[in-house]
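>>> just to be clear, the model below is a prediction. Sequence and coordinates:
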Amino acid sequence: MIDKGFTYVIPPFMIHGDVVSGVMSFDEMENMMYKIEGEDLYLIGTSEHSMIGRYMGQIIDGTTLPLTLTSYSPCFRKEKGAHGIEERGIYRIHQFEKQEMIVICRPEESAEWYEKLWSYTVELFRSLDIPVRQLGCCSGDLADLKYKSCDVEAWSPRQKKYFEVGSCSNLTDAQARRLQIRYKDSDGKVKLAHTLNNTVVAPPRMLIAFIENHLQADGSVTIPEALRPYVGGKAAILPKK
């Protein structure tokens, strides 16, 4: 993501209630967020909230837009309402790590950024030789503040179907309106910005897709070219005898 022009940040892992209410609906908060008892603090369910919340109440210099940030952080989620096979193993867990990206931009730029963001995730997974697809979400499946959203799904040979490994959303000015994130244009007018977010990669789900798609009949796991420099040049992980 740094090569794509994004700035890497280390976000806070706890956020105040006014940030939570600005970035999501009450129902989402109840189903996702862990509250710190006796404090006006919540553990982050995604670092997107920390990165967006950083600009709450600010008027940004329009010449600096778009702001493009990426972070890698722990995430904490209640995961209420989850069920079925996805409850077992590492598919849906209460604590995991994730790399996220956000964009704060002018309204006329958000549609283009939406297409760029999900394509970056597709590019990453395909570089690991993992089959993926992009699936647009219907309006009835959108969270309250989202204007447009899609999932990036990886192929699961075990389940014989695609499963979600990340999601991308364009919230237009919904979050910015609640958090009062604005920018001053060249004509001196103050306007609401647009915000977008996208999962670069959540390693637990990526690991599922990686192992399932690279597992061989002899129990070995092939390593794609892109990852070999990080494992001493190995072409495969061999089973222990």
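Nice, I can see it. Residues are numbered from 1 along each chain as shown.

>>> after the lowest-mean-pLDDT helix or strand in the chain comes which helix or strand?
One helix or strand of the chain scores below all others by mean pLDDT, DSSP states H and E: helix 26-32, with a mean of 75. Remark: after helix 26-32, the chain's next helix or strand is strand 34-35, criterion DSSP states H and E.

>>> quick one: list the elements packing against that next one.
Applying 3 or more Cβ pairs under 8 Å, 6 or more residues apart in numbering; DSSP states H and E, we find strand 34-35 packed against strand 42-43. All C-beta atoms are positioned from the backbone trio N, CA, C, and that covers glycine.

>>> which SSE is immediately downstream of the strand it packs on?
Following strand 42-43 in sequence order, the next helix or strand is helix 47-53 (DSSP H and E).

>>> for residue 131, which non-adjacent residue is spatially closest?
Among residues not flanking residue 131 along the chain, residue 155 sits closest, at 4.0 Å (Cβ to Cβ, 6 or more residues apart in numbering).

>>> residues contacting the one you found?
Counting by Cβ atoms under 8 Å, 6 or more residues apart in numbering, residue 155 makes contact with 130-132, 161-162, 209, 213.

>>> now, the residues you listed that are in helices?
Cross-referencing those against helices under DSSP state H gives 209, 213.

>>> need the max-distance pair from the contacts of residue 155.
The two members of the contacts of residue 155 with the most space between them (Cβ to Cβ) are 130 and 161, at 14.4 Å.

>>> for the residue nearest the centre of the chain, which residues make a bridge with it?
Residue closest to the average C-alpha location in the chain (Cα atoms, centre = their mean): residue 199, at 2.2 Å. Taking DSSP bridges as the rule, residue 199 bridges to residue 100.

>>> looking at residue 130 and residue 161, which is more packed in?
The neighbour count for residue 130 versus residue 161, taken as other Cβ atoms under 10 Å, is higher for residue 130 (19 against 9).
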